[in-house]
Each structure stands twice: as C-alpha cells, then as structure tokens.
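Next input, structure requested:
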Amino acid sequence: MRITTLTVNPCIDRTIVIGHLEHGKSHRIEKTILDFSGKGINVALALAELGADVTAVCADHEDGVERDFFASHKNISSVLIPAKGATRVNIKLFEKQTHHMTEFNERGTPADDTQVNHFRAALCNLAKSSDLVVLAGSLSPGFPSDFYREIGQMFRQMNVPFILDASKEVLRYGIESSPILIKPNAQEYEECFGVVPTATEIFCRSCKKQLEVHGIQYAVISLGEEGSILVSPKGAWKAAVPPVEVKGLQGAGDAMVAGLAYMLANDITDEEMLLRFAVACATATVELPGTHMCTLEGIHKYLPKVSIKEIVRW
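From the prediction side, this is the model:
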C-alpha cells in the first residue's frame, strides 16, 4: 500500500500560546512552538505513524527548511521540487481558555512555470505506483487555480483515486475531477456549495446530490466541536468528538485525512469504520500541542470512544 501526498506551499507554523486574547491589550506568551508544516506534510507524518509507505511531494525552498525536515524523518520518502525564496511563516494564536485558534497565514513565494511543470511531472511519475494520492492545502501564487482539477483529471485517466482537501476556488475547480473523497470543514463547504452543513437529513440529501453531480464517492465534513458528518452513496452518519483535553487544533483535519486515506488505500470502505477511525486520528492530534500529529497509542485510546449515529439511509 503506497500513498503519495502533495504539499505545494509548505510553511513554518509559529504557534503562540496565551491564556485568553483581549483585543488592544498586552499579553504574556506562555509558550511558542515552531513546526515545519503544510497539509500534505501533516498527512504524510500521520500516515507514517500508521505504518503506511508514504511519499511526500513538496516544494524545496532556498532556505533548506524542507531538506532539513526530511533528513530527520527517514520514515517518509520525499520528492523535493526546487522553489525560489524562503519557506513562508504562519502565525497561530492559541487561547487556552477558549480553545480558539486565530491564524495569520502568509501567501508564500510566487512559483514560476518551471516549478509548476516539475510538480506535474513528479506527480505523474509517482501516480503510476500509488494506490492513492492526497491533494491538500493551498497553492502558491503563480500556480493556476485549477491545478488540482488538471492533476485530478490526469489521475482519473490513470485510474488512481485521490482525496481532495482544499478550499475556495481551488476546491470548486478540484471537485470537477471527481476525487474519491473531499474533506471540507463547515466554512469551506458553505463557500463551495452555498449551503450551511448540519447533521440533518435535509442537508445530507443536498450533499448527496452534489456528490452525484461531481462523481464523488464520499464527503467528510468537520464541524469542529460538534463532530463530523460522512455522506456516501449508502447514507449519512455523524460522529461525536470524544472528551479530550485540547492542547492544539492545527493538524486535526490533516490527521483525519490521513486516517481516511489509510483506510481507503486498504480497501476498507465501511462508512462507520471510516468515520470512527478518522475521528480517532483527529482527536489523538488535538491532545498534542503545536502541529504534533497523532500517535498509534492515541488513536487506539480514542477509537472505542468515538460514537457514531446514523442520520439517514437512502
């Protein structure tokens, strides 16, 4: 079982932990955490923890951050694409009292046509030996907004399933290539489809219609503290979040994607099992600070604690 992940626009996450944010006031920082990150990178980290054979395709900036990261993570194979400039830095402000995360994300150094073409070639080559590909995260300036759609169409021609985790126009274009699964959060789903996600039969039926229009098998929609919804051709289910002490929020959605990718690559398609495993991966991530991804120990701890409720069967 081999999975490929893509990170076009990696970053350094600088997480600042405070008690509670008061606008216009001075604050004492309790802790600062620096992590190399990016959706595809986080997915690869979680997949490696699960024992998957994972290859990460990633931009390689001139400051050498990406090279240093992969040199210290030998359990992840990498294909690094040369990129100009330095790795972008994102600021994450985590409030311990409210568990709110406020994010300030840089756009990243613009890519040129050569870099874009190198990504195309690398993905085409790796897809030939991949059981599944994960396209996740934002695109650097210079990439066409329909890059995921273009790559997804190439995967379809090669009969390689792919998961899409993106937002705004990148998601709107990407769904036209019929990914096997999309994983938007509530805001991203509303921005793409114009409907507010809720754990109701009415919403799930409207979601099912969207999936049918675009030839998508599954949608997993994260609702934050309210849990997650999975919609498939068979029906819809909702998972509740197990009780957990939240120490960090970034990476939770990526851990969920990793869990889904791992199950689908192993031909495990039972909806309740898919959703339970994905939520356990996410929960095992939020109990860790910064962008620290789930561990096997954490996943096994939360797996039996995830409750699943059937919303509707078609």
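
SS state for N90?
For N90, the assignment made with DSSP: H, G, I helix; E, B strand; the rest coil gives strand.

Tell me the bridge partners for it.
D13 (DSSP bridges).

what's around it, how many residues?
By other CB atoms under 10 Å, the residues close to N90 number 19. Every residue, glycine included, has its C-beta placed from N, CA and C.

next one: P110
P110 is flanked by 13 other residues according to other CB under 10 Å.

Now it: which helix or strand?
Following DSSP states H and E, one finds P110 outside all helices and strands.

just E190 next, same as before
Counting by DSSP H and E, E190 is part of helix 186-193.

right, and the helix or strand after that helix?
Next along the chain after helix 186-193, taking DSSP H and E as the criterion, comes helix 201-214.

buried residues in that next one?
203-204, 207-208, 210-211 (16 or more other CB atoms under 10 Å).

before we move on, what about stretch 166-183?
166-167, 170-175, 177-183.

end to end, how far does it reach?
8 Å (CA to CA, to the nearest Å).

What are the contacting residues of that stretch?
132, 135-139, 145-153, 155-156, 161-165, 184, 188, 191-192, 214-222, 253, 256-257, 260, 264 (CB atoms under 8 Å, 6 or more residues apart in numbering).

Please identify the helix or strand for the most centrally placed residue in the chain.
In the chain, the centroid-proximal residue (CA atoms, centre = their mean) is D254; its distance is 3.4 Å. If you go by DSSP H and E, D254 is part of helix 252-265.

Please name every helix or strand in contact with that helix.
Applying 3 or more CB pairs under 8 Å, 6 or more residues apart in numbering; DSSP states H and E, one finds that helix 252-265 makes contact with strand 2-7, helix 39-49, strand 132-136, strand 162-165, strand 218-222, helix 271-286.

circling back: can you flag the buried ones in the contacts of stretch 166-183?
132, 135-139, 146-149, 151-152, 155, 161-165, 184, 188, 192, 216-222, 253, 256-257, 260, 264.

Next one, pLDDT for A252 please.
Note for A252: predicted pLDDT of 89.

At which residues are the helices of the stretch 51-200 of the chain located?
65-71, 113-127, 147-157, 168-174, 186-193 (DSSP state H, counting those that start in this stretch).

Only the buried residues of the longest one, if you could.
Going back to what we said before, that points to helix 113-127. 115-116, 118-119, 122-123, 126-127.

Repeat that for stretch 54-65.
54-61, 65.

Just the CA trace of that stretch, in CSV.
Provided in CSV are the C-alpha atoms of stretch 54-65 (Å, rounded to 0.1, in the frame of the first residue of the first chain):
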residue,chain,number,x,y,z
VAL,A,54,4.2,7.3,2.0
THR,A,55,6.0,9.6,-0.4
ALA,A,56,5.7,13.4,0.1
VAL,A,57,6.0,15.7,-2.9
CYS,A,58,7.0,19.0,-1.6
ALA,A,59,8.4,22.4,-2.6
ASP,A,60,12.1,22.8,-1.7
HIS,A,61,12.9,26.5,-0.8
GLU,A,62,16.3,28.1,-0.8
ASP,A,63,16.5,28.3,3.0
GLY,A,64,16.7,24.5,3.2
VAL,A,65,13.9,24.0,5.7
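
returning to what we had before: now tabulate the helices and strands packed on helix 252-265 in a markdown table and tack on mean pLDDT and distance to A199.
Listed next are those as a markdown table, based on pLDDT from 0 to 100; distance: least, CB to CB, whole Å:
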| stretch | mean pLDDT | distance to A199 |
| --- | --- | --- |
| strand 2-7 | 97 | 29 |
| helix 39-49 | 95 | 25 |
| strand 132-136 | 97 | 24 |
| strand 162-165 | 98 | 21 |
| strand 218-222 | 97 | 9 |
| helix 271-286 | 95 | 12 |
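
All set, thanks.
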